[in-house]
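Asks: Generate coordinates for the sequence data below:
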Amino acid sequence: MAEPIITIENVTRRFGTLAAVDNVSLTVEEGEFFALLGPSGCGKTTLLRMLAGFDNPTEGRILIDGQDVNRIPPNKRPVNMVFQSYAVFPHMTVADNVRYGLNIAGVPRKEQDARVEEALSLVQLDGLGPRKPDQLSGGQRQRVALARALIMRPRVLLLDEPLSALDAKLRDQMRTELSTLQEKVGITFIMVTHDQDEALALATRCAVMNRGLLQQVATPNDLYEFPNSRFVADFIGTVNLFEGQLIVDEPDHAVIRSPELGAGIYFDHGVTGAKGATVWAAIRPEKIELKKRTEGDTAPKMDDTPEGNNVVPGIIRQEVYLGSESTYEVEIESGRRVKVTRSNLTRWDQEDFAIGEAVWLAWHACSPAMLQS
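Replies: Numbers count the residues shown, from 1 in each chain. All right, here's what the predicted structure looks like:
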């Protein structure tokens, strides 16, 4: 098996008594698009700066291609970085911005010209070499920064919040372009972001951080569907979290009793937990079904769930139409509001739900994730 291109071993970075990065260990494989994800102040940018060589670990070590780089300066590392502000030089043309690193490295002018042309073509800026940065859009300036980094042919490209300065529509466009670019050049990308959608859309794997600690490293799908903690479940997307006690734990199913929900939550798998332990169920809004409820109705039964579980009554208190989907807040008997998302599959939804309408909330046994911390 090939050695990882990046190995981070028990890395801690302290500023006084504060551990901005706290005993983090992880590996990044060659060719991955890897995301460091977390809220502001979680340590992700500090970790990226240590990879770049702009900061050094207080403890632990960082290896790139198997080499300990703790004492190697930034300009000697096989990495390059695209900053959040892009940091393009306003007085230089696009071409001169892109060739800047080659000038410093003493690359002959003829080779520079060929590589600049190649780099501009790679980021779809053909013919814009003579322009100044103030003649470009935000997305084009970002491409200049990418071309300047890629022209040095790094083994690893580091991206610090690469899309945060762009408006929503351009951000969506650039997500696609970044993903396509990474596939074209085939080098390892490591991106820092606080935007969960951005990380899920781009990364092959994500590392979620909080308060300097590594919480979970997984594929986007596993982070969303199988979070390992309440923090990860709540940070990645939108979720309904219910506290309860584990009352049944068999090899093929488990049940939580949640006083707040007023019903049992049935899972289609065991969890090897301690009976009576406090646990949490995480249910995504799109996994909850809405069913109309009339006075005297008996609760509907889900086909994979024993009667009395995974169904609760509620009243719709809010609806937000978002084009492709509608979101609802449904108040249950405890007063808790539960979020539900429904796709608008047709132009005229076959079953409308109104504010104040009585409904049943129901979900399948495979829908919730059980969390023990």
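Asks: by contact count, what packs against the lowest-mean-pLDDT helix or strand in the chain?
Replies: Ranked by mean pLDDT, DSSP states H and E, the weakest helix or strand in the chain is helix 168-185, scoring a mean of 81. Helix 168-185 sits against helix 109-122, helix 138-150, helix 196-202, with contacts defined as 3 or more Cβ pairs under 8 Å, 6 or more residues apart in numbering; DSSP states H and E. Quick note: C-beta positions are derived from backbone N, CA and C, even for glycine.
Asks: of the ones you listed, which approaches Leu37 most closely?
Replies: With Cβ to Cβ as the criterion, Leu37 lies closest to helix 196-202 of these, at 4.5 Å.
Asks: Show the average pLDDT along the closest one.
Replies: Mean pLDDT, helix 196-202: 90.
Asks: next SSE after that helix?
Replies: Using DSSP states H and E, the helix or strand that follows helix 196-202 in sequence is strand 205-210.
Asks: So what touches that following strand?
Replies: 24, 26, 32, 34-39, 42-44, 47, 199-200, 214-220, 223, 231-232, 235-236 (Cβ atoms under 8 Å, 6 or more residues apart in numbering).
Asks: which among those end up buried?
Replies: Buried by 16 or more other Cβ atoms under 10 Å: 24, 26, 32, 34-38, 42-44, 47, 199-200, 214-218, 220, 223, 231-232, 235-236, out of the contacts of strand 205-210.
Asks: Helices - which of those land there?
Replies: Of the buried ones among the contacts of strand 205-210, the ones assigned to helices by DSSP state H are 44, 47, 199-200, 220, 223, 231-232, 235.
Asks: could the residues you listed be laid out in CSV, adding distance to Gln318?
Replies: What follows is these, written out as CSV (distance: Cβ to Cβ, whole Å):
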residue, distance to Gln318
Lys44, 34
Leu47, 39
Ala199, 28
Leu200, 26
Pro220, 29
Leu223, 28
Phe231, 26
Val232, 27
Phe235, 23
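Asks: Please tell me I have it right and Val28 contacts Ile6.
Replies: Yes. Proximity of Val28 to Ile6 meets the contact threshold set by Cβ atoms under 8 Å, at 3.8 Å.
Asks: Now list whatever residues contact both of those two.
Replies: In contact with both Val28 and Ile6: 34, 156, 188, 190, using Cβ under 8 Å, 6+ apart.
Asks: List the beta-bridge partners for the second one.
Replies: According to DSSP bridges, Val79, Thr188 are recorded as the beta-bridge partners of Val156.
Asks: Distance-wise, check it relative to Thr272.
Replies: Going from Val156 to Thr272 by Cβ to Cβ, to the nearest Å gives 39 Å.
Asks: How about Gly101?
Replies: For Gly101, the distance to Thr272 - Cβ to Cβ - is 54 Å.
Asks: More neighbours: which of those two?
Replies: Applying other Cβ atoms under 10 Å to Gly101 and Thr272 shows that Gly101 carries more neighbours, namely 19 against 8.
Asks: wait, the more buried one sits on Ile151?
Replies: Yes. The criterion here is Cβ under 8 Å, and Gly101 meets it with Ile151 at 6.4 Å.
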